[in-house]
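> Structure for this input, please:
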Amino acid sequence: MTTTLTSPTRSTGTRTVEATERITFRDSVAHTFTMAYRGILKIKHNPEQLFDVVIQPVIFTFMFTYIFGGAVAGDVQSYLPIIIPGILVQTVITASIVTGTQLREDMDKGVFDRFKSLPIARIAPLSGALLADVVRYAIATTITIGVGIAMGYRPSGGFVGVVCAALLIMVCAFAISWIFALMGVLMSKASAVQGVSMMILFPLTFMSNAFVPSDTMPGWMQAFVDVNPVSHLVTAVRELANDGHFGIHAVYALVGAAIIVAIMAPLTVHTYMRKA
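Residues are numbered from 1 along each chain as shown. Predicted coordinates:
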């Protein structure tokens, strides 16, 4: 009779984790800020990313002020309280398009494939990139206000009113950037993201009350301008900067921003996890 001896299996010293550790909300916030810091470092090492938010506000402010100032308000000084809030909104919202294009470029380079393999919150690579772009919005806002003041703009809302107006714009731009982030995930090329985004955003910004009062427009266009969310944001910024008044339009803007984030953020993350 033959007996076969089997040596006992030795432990390798490694433990198999059968259940993934749950990531808490606090962890998600921490991961988001870490990814945001990465985005800020990208801006530091690639300062050309700031060209649009540095040059565009200067060009647009001078161009629109001196072209429309006399025709709309009679003189430049009277037009500045109208145009500066409009330029603020247009510049910052337009800058949010870059979020989608840069996201698409990073995905094409395989950067986000590495992020998916890390034990971090799924939303962190996206929310971190969008949060880093708030720095760009702050630069665009500061330059636009600075140029306006140099041209003679004196906001009656004072320092607090101007700061509140700037914060409102940046909050809304952050929310809108989730729309362009979704486009960056869905589309195959960064150029396509930029092209489609401009086609959507330009009518919204120009067919608003950002540059001229809506009562000077044809009736059918007035109807669109009055319901255009950009018009509500521009009105809210004017009320805060020029009067120091937080009115119903600011409430509309904040509620709209919250709705956009509540819908677009989960949808963008879900699409990113499936396609990235």
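> Only C-alpha atoms from now on, for both contacts and neighbour counts.
OK.
> tell me the mean pLDDT over stretch 195-205?
For stretch 195-205, mean pLDDT rounds to 86.
> Just give the closest residue to Val237, not the sequence neighbours.
Ala165 (5.0 Å; C-alpha to C-alpha, 6 or more residues apart in numbering).
> thought the one you found was touching Asp243?
No. The criterion here is C-alpha atoms under 8 Å, and Ala165 misses it with Asp243 at 10.8 Å.
> Between those two, tell me which one has more neighbours.
Comparing Ala165 with Asp243 by other C-alpha atoms under 10 Å, the one with more neighbours is Ala165, at 29 against 15.
> What residues does that one make contact with?
Neighbouring residues of Ala165 by C-alpha atoms under 8 Å, 6 or more residues apart in numbering: 236-238, 240-241.
> Mind jotting down where the helices sit in this structure?
25-45, 51-73, 76-95, 97-108, 111-116, 124-150, 158-186, 190-206, 219-227, 229-238, 248-275 (DSSP state H).
> and the angle for the second one with helix 76-95?
Going back to what we said before, that points to helix 51-73. 140 degrees (axes from the mean of the first three to the mean of the last three C-alpha atoms, to 10 degrees).
> Can you list the helices and strands that helix 51-73 packs against?
Applying 3 or more C-alpha pairs under 8 Å, 6 or more residues apart in numbering; DSSP states H and E, we find helix 51-73 packed against helix 76-95, helix 124-150.
> List the buried residues in that helix.
52-54, 56-58, 60-61, 64-65, 68-69, 72 (16 or more other C-alpha atoms under 10 Å).
> possible to save these as JSON lines with distance to Asp108 and pLDDT?
As requested, the buried residues of helix 51-73 are arranged in JSON lines below (distance: C-alpha to C-alpha, whole Å; pLDDT from 0 to 100):
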{"residue": "Asp52", "distance to Asp108": "23", "pLDDT": "73"}
{"residue": "Val53", "distance to Asp108": "24", "pLDDT": "77"}
{"residue": "Val54", "distance to Asp108": "27", "pLDDT": "80"}
{"residue": "Gln56", "distance to Asp108": "28", "pLDDT": "82"}
{"residue": "Pro57", "distance to Asp108": "30", "pLDDT": "83"}
{"residue": "Val58", "distance to Asp108": "33", "pLDDT": "87"}
{"residue": "Phe60", "distance to Asp108": "32", "pLDDT": "86"}
{"residue": "Thr61", "distance to Asp108": "35", "pLDDT": "86"}
{"residue": "Phe64", "distance to Asp108": "37", "pLDDT": "86"}
{"residue": "Thr65", "distance to Asp108": "40", "pLDDT": "87"}
{"residue": "Phe68", "distance to Asp108": "42", "pLDDT": "82"}
{"residue": "Gly69", "distance to Asp108": "44", "pLDDT": "82"}
{"residue": "Val72", "distance to Asp108": "46", "pLDDT": "80"}
